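Participant: model this:
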Amino acid sequence: MALLQPRLNLRVSQRQVLTPGLMQMVSVLALNKLELKEMIDAEMVENPVLEEIDESVPMLDQVAGREERLERSAEEAAAPPKDVFSEIDFGSYFQDYLDPGYRTQPEYEESEKPSFENFLSQPTTLTDHLAWQLGSLTVDKELCEVAEYIIGNLDDCGYLGASDEELAGAFAEFRAASALAKLNGNGNGHVGDAEAALEVVLRAISLVQGLDPAGVAAHDLRECLLLQIRAQQREFDELYGMALVETAEDPHRGFRDEADAKIEERRHAMEVAALIVDRHLQLMQKRDLKELARAAQVSVEEAQLGTDFIRTLDPRPGRLYNRDQTRLIEPDVVFVKRGGEWIVSMNEEELPSLRLSQRYRRMLVSNTTDKEVKEYVKERFRSAMQLMRNIAQRKSTIIRVCDVIVRRQHDFLDQGIEALRPMMIKEVAEEIGVHPSTVSRAVANKYAHTPQGVLELRFFFTEGANGPEGADTPLVVLKRKVKKLIEDEDPRHPLTDDQLAALLQSQGIQLTRRTVAKYREDMNIPSTHQRRRRE
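Facilitator: Below you'll find the model as predicted:
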């Protein structure tokens, strides 16, 4: 039996350890221009050794030297005669003798002046828009709370993903954990009861569905479209209902003009659209009007009117208010052609130019400085110098990567998208002698100003498909070719994936049917059967 006893084993191994300086270099390389400016500003606030070079603003050393020279000159020079006007307080004079109605109150300006941030507009979301409408309605407190709960569970498109039972159960638990509220003010029940909670949830959903935009709080596409059709039908009846009733009651009157006929046509189109959405929405996706008309028991012309009306509806009503915010883009590099050659230039406008403070340098060599202060200043100098080296390394790496991009993609810069060549990150990394992850960080979230527009640096890196002569075609160009062929096809006889592959092969691009289908699906282009237009 082996005895348990401690042992010492010597093992030699290699592992990569990221030092704080190396970690900072990696993070700085991945920053774009705007993010780098924010980082430099934050570092200047924390590190007093860093100073920004600005010609228009004197540095602290210059101010201190100027003050010393002024003091010495004041001691050496004779005191100048006093100016009698310097003894008059003109500020008090004007405050005492001007009309009080025109006097500026500094206390008001400092304490009650609104912040500049209050003048900045804030985008309105779908939740804000619905909550504002709900607040303008007169409903009981319990129903309003449930409606707010429903609004909070809507997704970005305005749909209600949870079922009615799930919402009722969740809300019942929520109310049971908080204050107990009475239903309808009679004190006989609580929202915690399952049946009562479901009833209130259904009423709240109906209330939210009546708000603007029409179609929100629907569980699926069918309900969303039906809500929009019914909302337009109610609006239509309010505007033209009385006129149609008067016309129907007068047999000798009829439709006197074309406007009345269009009103009746639109009313009938909404009825057919509601029928198609309610019962035959799947058939509409096939774009076979004859089959759809036969299933809905209407004529082909009526089916066409109904489908045209459905296309005017919004399948994602919440997107109107939940739009993505515009992201500010500022190019990090500029591709300029000078003397027939493309040159890469870094866009460093508004980036602070850093330098080390001379004042703190004197503190390091001064004998009167405390030891603790010297250690602190020395550590701040190390941090500042590391940051400045990393910023310079970032600039060098980006320029080297962009030089390779310009050299390989000069035809694209001159001619456009059709001349774009495939290029891999690994190839660029091998050419400049760095790891592929370094190139990936150098081009991440960075943009270049080119004659073809402001493009992301990752745009230039794309795979390719080999042709019969070995000429590579980037995937971006391949997808554009597939989309162009589909756009130029006959809608009554759309091209199949096999036909698209054959057309591309005739152009020297070897692609299989499966690859063409994958590209088509990536661009959200329907299949041949769904694209076919039947009359």
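
Participant: just the strands in this protein please.
Facilitator: For the chain, the strands defined by DSSP state E occupy 50-52, 333-338, 341-346, 354-356, 447-450, 453-456, 464-466, 472-474.

Participant: Which elements pack onto the fifth one?
Facilitator: Read that as strand 447-450. strand 333-338, strand 453-456 (3 or more CB pairs under 8 Å, 6 or more residues apart in numbering; DSSP states H and E). Every residue, glycine included, has its C-beta placed from N, CA and C.

Participant: tell me the most buried of those?
Facilitator: Using mean count of other CB atoms under 10 Å, the stretch among these with the largest mean neighbour count is strand 333-338, at a mean of 16.

Participant: Packing partners of that strand?
Facilitator: Strand 333-338 is packed against strand 341-346, helix 371-408, strand 447-450, with contacts defined by 3+ CB pairs under 8 Å, 6+ apart.

Participant: Now do the contacts for the nearest residue in space to residue 456 that is not next to it in sequence.
Facilitator: Nearest non-adjacent residue to residue 456, counting by CB to CB, 6 or more residues apart in numbering: residue 447, 5.5 Å away. Residues in contact with residue 447 (CB atoms under 8 Å, 6 or more residues apart in numbering) are 32, 329, 330, 331, 332, 454, 455, 456, 457.

Participant: what's the answer for residue 224, then?
Facilitator: Neighbour list for residue 224: 158, 159, 215, 218, 315, 317 [criterion: CB under 8 Å, 6+ apart].

Participant: try residue 418
Facilitator: Listed by CB under 8 Å, 6+ apart, the contact set of residue 418 reads residue 477.

Participant: how near is it to residue 450?
Facilitator: Residue 418 sits at a distance of 15 Å from residue 450 (criterion: CB to CB, to the nearest Å).

Participant: now residue 213
Facilitator: In terms of CB to CB, residue 213 sits 40 Å off from residue 450.

Participant: Which one of these two is surrounded by more residues?
Facilitator: residue 450 (22 against 18; other CB atoms under 10 Å).

Participant: related to what we said a few turns ago, right, and the helices and strands packed on strand 447-450 - which one's nearest residue 132?
Facilitator: Closest to residue 132 of the helices and strands packed on strand 447-450 is strand 453-456 (CB to CB; 37.0 Å).

Participant: Adjacent strands (with direction) for the closest one?
Facilitator: Here strand 453-456 has these sheet partners by DSSP bridges: strand 447-450 (antiparallel).

Participant: hey, which helix or strand in this structure has the poorest pLDDT?
Facilitator: Lowest mean confidence among the helices and strands of the chain (mean pLDDT, DSSP states H and E): helix 106-111, at a mean of 37.

Participant: rewinding a little: between the strands of the chain, which one is closest to residue 228.
Facilitator: Comparing these under CB to CB, the one sitting nearest is strand 453-456, at 37.2 Å.

Participant: Next, the residues that contact that closest one from outside, please.
Facilitator: For strand 453-456, contacts defined as CB under 8 Å, 6+ apart pick out 329, 331, 443, 445, 446, 447, 448.

Participant: Redo the helices and strands packed on strand 447-450 as a markdown table? Include distance to residue 355.
Facilitator: A markdown table is the format used below for these (distance: least, CB to CB, whole Å):
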| stretch | distance to residue 355 |
| --- | --- |
| strand 333-338 | 24 |
| strand 453-456 | 31 |
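
Participant: Can you convert the ones you listed into a markdown table and add a column each for distance to residue 359 and mean pLDDT?
Facilitator: Compiled in a markdown table, the helices and strands packed on strand 447-450 are given as follows (distance: least, CB to CB, whole Å; pLDDT from 0 to 100):
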| stretch | distance to residue 359 | mean pLDDT |
| --- | --- | --- |
| strand 333-338 | 35 | 88 |
| strand 453-456 | 42 | 86 |
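
Participant: The ones you listed: which one's closest to residue 133?
Facilitator: Taking the helices and strands packed on strand 447-450 one by one with CB to CB, strand 453-456 is closest: 39.4 Å.

Participant: Wait, residue 212 touches residue 133, no?
Facilitator: Yes - using CB atoms under 8 Å, residue 212 is in contact with residue 133, at 6.5 Å.

Participant: Give me the nearest residue to residue 226, chain neighbours excluded.
Facilitator: residue 277 (5.6 Å).
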